[in-house]
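Q: could you look at this predicted model? Sequence included:
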Amino acid sequence: MSQQSPNSPPAPAAASERATVRIGWTDLRVAVHPGDADRAPLLMFGGIGAGLEVLGPLVQALDPAVPVIRVDVPGIGGSPLPVVPLPIPALAGLMDRLLDRLGHRQVDVLGYSWGGALAQQFALQHAARCRRLVLISSSTGALSIPGDPQVLAKLLIPRRPDHPEEAARLDDHLHDDLAAVLSSGLGSIGSGGWGYLQQLTALMTWTSLPFLPLIGQPTLVVNGVDDPIVPVANGRLLAACIPRAMLTVIPGGHFEIIHSAASLGALVSRFLN
């Protein structure tokens with residue numbers, strides 16, 4: 001067995017099984033990490049333009065008893081572009097049908113960055129199916145506190161997978177050895193970037209602000225104190241408007257799910273337990 005260098009990026013969860021699941025006209029790449037069969041799985045949605053591999057370090061850091069389902073939304077990672085662009089409510093409906101196909105009645109839901117928007121919509125739209133909600137580096141969408149204009153300007157331009165260092169520059173706290181982890185999830189961006197642009201459009205035409213008081217699930221909100229993309233004020237807004245929310249502010253920036261995965265995984269595991 002080969003030894004991993006101390007400076008090498010975290011590997012994806014080795015026990016995860018990947019498959020393509022067809023829902024209607026849409027193919028979704030899904031990774032299932034088994035855990036305790038008696039527990040509700042944790043359904044995870046990733047950031048804009050990022051395939052499910054980016055969530056791998058966090059999966060490895062969670063309590064092994066927690067079953068995990070990661071999914072690439074249409075047009076991202078290993079999921080091909082949809083026939084027509086899908087707004088966030090339609091994506092939430094697609095995730096509901098995916099759970100039907102996988103045979104899960106109820107799940108916990110975790111959304112990171114862009115995925116936090118989809119997680120909020122799912123928690124509202126399919127409330128009976130969502131037991132608990134975790135929002136990491138997330139916001140209320142179009143009506144939110146904007147980040148650093150220079151950083152946001154870079155986000156408007158899809159990055160090619162052969163230049164992962166560009167993704168690393170989006171956060172001053174990223175270490176160089178994380179570039180390979182980011183590039184593993186950015187593969188779809190190089191083919192024209194249409195999936196990325198569809199995600200961006202979906203977020204810019206959506207906001208959760210009017211319905212946040214209707215989210216009844218226990219909710220953990222986590223934001224980095226120095227996040228240049230999603231300022232911590234967004235986390236405070238989410239926690240103030242969701243009735244059963246608790247806010248945890250952590251050191252660092254937008255990519256703590258990677259280089260602070262161990263502590264974040266412990267935090268999420270305690271909340272789910």
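A: Done, it's in.
Q: first-to-last residue distance for stretch 53-67?
A: Using CA to CA, to the nearest Å, the gap from the first to the last residue of stretch 53-67 comes to 16 Å.
Q: what of stretch 107-116?
A: For stretch 107-116, the end-to-end distance is 15 Å (CA to CA).
Q: got phi/psi on residue 23?
A: Dihedral pair for residue 23: phi -120, psi 100, per degrees, to the nearest 10.
Q: beta partners for it?
A: residue 26 (DSSP bridges).
Q: so who does it touch?
A: Residues near residue 23 by CB atoms under 8 Å, 6 or more residues apart in numbering: 94, 97, 98, 101. Backbone N, C-alpha and C define where each C-beta goes, glycine included.
Q: can you lay out these as CSV showing distance to residue 143 and pLDDT?
A: Listed next are those as CSV, based on distance: CB to CB, whole Å; pLDDT from 0 to 100:
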residue, distance to residue 143, pLDDT
94, 24, 98
97, 28, 98
98, 28, 98
101, 33, 96
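Q: please, which helix or strand holds residue 92?
A: helix 88-102 (DSSP states H and E).
Q: can you dump the C-alpha atoms of that helix in CSV for me?
A: Output of helix 88-102 as CSV, limited to C-alpha atoms (Å, rounded to 0.1, in the frame of the first residue of the first chain):
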residue,chain,number,x,y,z
ILE,A,88,-33.4,26.2,-7.6
PRO,A,89,-37.0,25.0,-6.8
ALA,A,90,-36.9,22.6,-9.8
LEU,A,91,-33.5,21.3,-8.5
ALA,A,92,-35.0,20.7,-5.1
GLY,A,93,-37.8,18.7,-6.7
LEU,A,94,-35.2,16.7,-8.6
MET,A,95,-33.4,15.9,-5.3
ASP,A,96,-36.7,14.7,-3.9
ARG,A,97,-37.2,12.3,-6.8
LEU,A,98,-33.6,11.1,-6.3
LEU,A,99,-34.4,10.2,-2.7
ASP,A,100,-37.4,8.3,-3.9
ARG,A,101,-35.2,6.3,-6.3
LEU,A,102,-32.6,5.7,-3.6
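Q: C-terminal to it, what's the next element?
A: strand 107-112.
Q: show the average pLDDT along that next one.
A: Strand 107-112 shows a mean pLDDT of 98.
Q: got a list of contacts for whichever helix or strand comes after that strand?
A: The first helix or strand that comes after strand 107-112 along the chain, using DSSP H and E, is helix 114-125. Residues from elsewhere that reach helix 114-125 (CB under 8 Å, 6+ apart): 43-48, 73, 88-89, 91-93, 95-96, 109-111, 129-130, 133-141, 199, 202-203, 206, 208, 211-212, 214-215, 217, 219.
Q: returning to that earlier point: whichever of the contacts of residue 23 end up buried, select them in ChimeraX.
A: Here is the ChimeraX command that selects the buried residues among the contacts of residue 23 (16 or more other CB atoms under 10 Å):
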select :94,98
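Q: with distance to residue 270 added, can I get the contacts of residue 23 in CSV?
A: Formatted as CSV, the contacts of residue 23 follow (distance: CB to CB, whole Å):
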residue, distance to residue 270
94, 30
97, 31
98, 27
101, 30
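Q: which of the contacts of residue 23 lies closest to residue 260?
A: residue 98 (29.0 Å; CB to CB).
Q: may I have the phi/psi pair for residue 270?
A: Backbone torsions of residue 270, given as degrees, to the nearest 10, read phi -60, psi -40.
Q: that one and residue 209, how far apart?
A: Going from residue 270 to residue 209 by CB to CB, to the nearest Å gives 29 Å.
Q: now the angle between helix 114-125 and the helix holding residue 92, please.
A: 80 degrees (axes from the mean of the first three to the mean of the last three CA atoms, to 10 degrees).
Q: sorry, back to before: more neighbours, residue 270 and residue 209?
A: Neighbour comparison, residue 270 and residue 209: the larger count goes to residue 209, with 15 against 10 (by other CB atoms under 10 Å).
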